[in-house]
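# Test case, fold it:
(2 chains)
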Number of protein chains: 2
Amino acid sequence: MSASRPAARRELHLNAFLKPPGEFLAAWRHPDSVADAGVNIRHVVELARTAERARFDAIFFADLVGVPFADQEVLRRVSVVNDSFEPTTLLAALATATSHIGLIATASTTYTEPYHLARTFASLDHLSGGRIGWNLVTSLNDAEARNFGLDRHVDHEVRYERAAEFFDVVTGLWDSFDDDAFLHDQHGGLYFDETKLHWLDHQGRHFRVRGPLNIARPPQGRPVIVQAGSSDTGVSLAASVADVVFTHHPDLAGAQAFYADLKARAAAAGRDPDQVIVLPGLSVLVGATKAEAEDRLDRLSALLDPRVALADLAYWLGGVDLASHPLDGPLPELPLSNQSQSAQAHLLHRARDEGLTIRQLAAQLARDTRTITGTAQSIADHIEEWFTGRAADGFNVIFPYLPDPLDDFATQVIPELRRRGLFRTDYPGRTLRDTLGLPRPPSRWSSPHPATEGTSR
Amino acid sequence: MSASRPAARRELHLNAFLKPPGEFLAAWRHPDSVADAGVNIRHVVELARTAERARFDAIFFADLVGVPFADQEVLRRVSVVNDSFEPTTLLAALATATSHIGLIATASTTYTEPYHLARTFASLDHLSGGRIGWNLVTSLNDAEARNFGLDRHVDHEVRYERAAEFFDVVTGLWDSFDDDAFLHDQHGGLYFDETKLHWLDHQGRHFRVRGPLNIARPPQGRPVIVQAGSSDTGVSLAASVADVVFTHHPDLAGAQAFYADLKARAAAAGRDPDQVIVLPGLSVLVGATKAEAEDRLDRLSALLDPRVALADLAYWLGGVDLASHPLDGPLPELPLSNQSQSAQAHLLHRARDEGLTIRQLAAQLARDTRTITGTAQSIADHIEEWFTGRAADGFNVIFPYLPDPLDDFATQVIPELRRRGLFRTDYPGRTLRDTLGLPRPPSRWSSPHPATEGTSR
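Just a heads-up that it's a prediction; the model follows:
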């Protein structure tokens, strides 16, 4: 199942970050969006099929196990955090509604059991014929913790320690049966070869798990591992275990530095750096002209209530109470965030570098300054520059609202990328690993020296 | 969405218990079965579509969160416990591959978190347009416990105490948003009416869960609740919370007694007994003649290795070591099972009543004496007798192997039931509650006196 290609040929990879009805917090208010998109399966199937027709590598769904905003004035003005399909059940539904596109879901290592997660993703990989990816997260906020018997979110360092052990358990469980363990020998009466069954017997600091998993090894060996952590701990985890890394960088130089650093860290961890695919986020709005795309962004941005923008800022700063500080003053000194440290650091740097007040920073978020506007030509230029400049192996393409910006990207930007010889016209195989050009990892039991292949974690 | 019918009209309900490649432990060895059926989605979709064409109320998948047999001589000779889709992901995949049939999965209250389970089943209900049922179990064996940090299975009484609290939390989370909470007011910018959001704030002996669930109330209000516990504690739980009860009775009188007792208990719990649907298991093999059906059963039974039969007996007796007892002697005195107390009691009674040795009892299991053989006519007679005699509201139809016995039931027995005016020719609505003739439960917040409607648990 693994693809073999000349080492020199780099492939551009595009993941569609689908957050129906769109990434922007006020996306659901857009007159062209489907307001109940989070629980409208016909709509989500259509999005998935659009992405598949365009030959995106995969589609991706983020997740939280709770609602992040305690302030009801804010909460009642947002959509997706209140009302969305649970991602693993959604992937399964999409598995029978699509045939080739990769399907990636977020799942947390902090508030789940590794046996359940290993089983769910193995089952999904079988259901989809090997098209599944797992975005490993450690969860973000206190609101999630309170749904699982805790008062506060587990500390950052403990979360990542637990995540590393969790990953060991999950990958161990996926290797419960060797690939050729199942004989299905109806005549002889042997369902499997018992010498090819491995009991995990894991006993660690956070988990005791006997195994085996009650399902065959996933078609991909292991589902594609996605990681988006950007703290130092998060990047270390990504370098050692991730097949695909989601990241965010506002400028080319920063992205190039991250790209070089991550590939070097992967090499230092004994891995082939070409097998760690770096996908920066790329939020895009296409227009016939730059001005038209800008106008679309303006109309979208105007839909965000300033209270929601401020609450979103407070959330990403680590759950601080900004209401007790003058909005026209600078950001106060803040304790280190226990949710996303990299998001907090990014906002603090931006406020300091640009001398922004709280209100100005919130307004920047509200204006959705991350989104790139332009023609198909100029957006393809951007993609080509970052790809050839080794700032990216492709992009995690983000749509401020849906479905139009996805349709536009599929029908305008992707054909332009193809004209430049940058993007595929068809899927090279059946599994997501085939599409990503990643080898199928051997079982930890199948190789005498698995550590040298970087797949033994 | 609720159906209203004259009270006098009883409807026959048929659930297809699908355990690909069949219920019998050696089913996978049958030459007409699909040996890898547990992880073959095309095959399972075909089974689901066959059941839907026949207008079964629902299909059902059992579950364990581990492999039950420690003895590899046994383990390697069985299929489904080693190698099956995880049921909730399977239901989601089937939701987009079917349109009307109900979809029921087992999920344990012992080794999961109520927030995850509530969310998964709410998501499934939305994905399927209201066709989901949850078979609430408390798990069975030590092998499952050892995948979740424990050495032994949680005690029977503690499991059921936890299950009752778990159920309260799950149903409370499903009611997080009132049915009309979501405004989707794009112009005004209000996604929902915050007065219609309810924070659960559950603090109990086993769980602390703040809520709310991050998804709208399920289309059915709550997914259909299925219970199969047959211990006294289990039956009490079923009488108080179950919409559908799976049960097993070898004879009409026993089934009638159980039926009357359960309906009385439901009435005593303040519920309408007609809204608790009792479905005994009915394992069937149809033939053109009784002799042909018997012959099919003989050929199937011959496929079971005696060691597997003995291990299966030991398992259902509570995990005892039968090897240390003379196989031609009587069953030894046994401690009360901590897995299925009712299964243990049933086997002990059978051995005592019929004076069976260990070997004879295992042989009876191996011969699959539960399966009823006959023509479509005689099987319809049996169904009619039990249904009109108030031993059953319908059946949980079990197929010793698949797919042929399901096809035969669908094309021979169901038409015969229709000729007798006993079974529907089409689905009456869109949801599983519609099909079962069950009202849509109001939210615990919507009624001034929810307790009198029996839906407040």
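
# The helix or strand A:L183 falls within: what's the following helix or strand?
A:L183 is located in strand A:182-185, with elements delineated by DSSP states H and E. Per DSSP H and E, strand A:182-185 leads on to strand A:190-192 as the next helix or strand towards the C-terminus.

# What does A:N15 show for phi and psi?
With angles defined as degrees, to the nearest 10, A:N15 sits at phi -110, psi 140.

# okay but it is in contact with A:I104, surely?
Yes - counting by Cβ atoms under 8 Å, A:N15 touches A:I104, with 7.1 Å between them. Yep, even glycine has a C-beta here, placed from its N, CA and C like the rest.

# who touches both of these two?
Common neighbours of A:N15 and A:I104 (criterion: Cβ atoms under 8 Å, 6 or more residues apart in numbering or on different chains): A:58-60, A:244.

# now, the most widely separated pair of those?
Based on Cβ to Cβ, the longest span within these runs between A:I59 and A:V244 and measures 12.9 Å.

# These two - which one has more neighbours?
Taking neighbours as other Cβ atoms under 10 Å in any protein chain shown, A:I59 and A:V244 compare with A:V244 leading, 30 against 26.

# So the more buried one sits against A:G437, correct?
No - applying Cβ under 8 Å, one finds A:V244 not in contact with A:G437, separated by 11.4 Å.

# picking up where we left off before, let me have the shared contacts of A:N15 and A:I104 in a markdown table, extended by distance to A:R265 and pLDDT.
Below are the shared contacts of A:N15 and A:I104 laid out as a markdown table (distance: Cβ to Cβ, whole Å; pLDDT from 0 to 100):
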| residue | distance to A:R265 | pLDDT |
| --- | --- | --- |
| A:A58 | 23 | 98 |
| A:I59 | 28 | 98 |
| A:F60 | 23 | 98 |
| A:V244 | 15 | 98 |
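
# between the residues you listed, which is nearest A:N82?
A:F60 (20.1 Å).

# Just give the closest residue to A:T289, not the sequence neighbours.
Closest residue in space to A:T289, ignoring its immediate chain neighbours: A:T375 at 6.5 Å, by Cβ to Cβ, 6 or more residues apart in numbering or on different chains.

# Run through the bridge partners of A:T247.
For A:T247, the beta-bridge assignment (DSSP bridges) gives partners A:P280.

# wait, doesn't it sit right on A:V278?
Yes - between A:T247 and A:V278 there is a contact under Cβ under 8 Å: 6.5 Å.

# Pull up the overlap in contacts between those two.
Common neighbours of A:T247 and A:V278 (criterion: Cβ under 8 Å, 6+ apart): A:258, A:262.

# Looking at the two, which one has more neighbours?
Comparing A:T247 with A:V278 by other Cβ under 10 Å, the one with more neighbours is A:V278, at 27 against 23.

# residues in contact with the more buried one?
Counted by Cβ under 8 Å, 6+ apart, A:V278 has contacts A:245, A:247, A:258-259, A:262-263, A:392-393.

# which parts of the stretch 301-450 of chain A sit against chain B?
A:303, A:305 (Cβ under 8 Å from any Cβ of the partner chain).

# what about the strands in the stretch 301-450 of chain A?
A:372-374, A:394-398 (DSSP state E, counting those that start in this stretch).

# Sheet-wise, list the partners of the last one with their directions.
The reference is to strand A:394-398. As assigned by DSSP bridges, strand A:394-398 forms pairs with strand A:13-17 (parallel), strand A:277-286 (parallel).

# Would you reformat the ones you listed as TSV and include mean pLDDT and distance to A:R42?
Below are the strands paired with strand A:394-398 laid out as TSV (pLDDT from 0 to 100; distance: least, Cβ to Cβ, whole Å):
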stretch	mean pLDDT	distance to A:R42
strand A:13-17	98	18
strand A:277-286	97	25
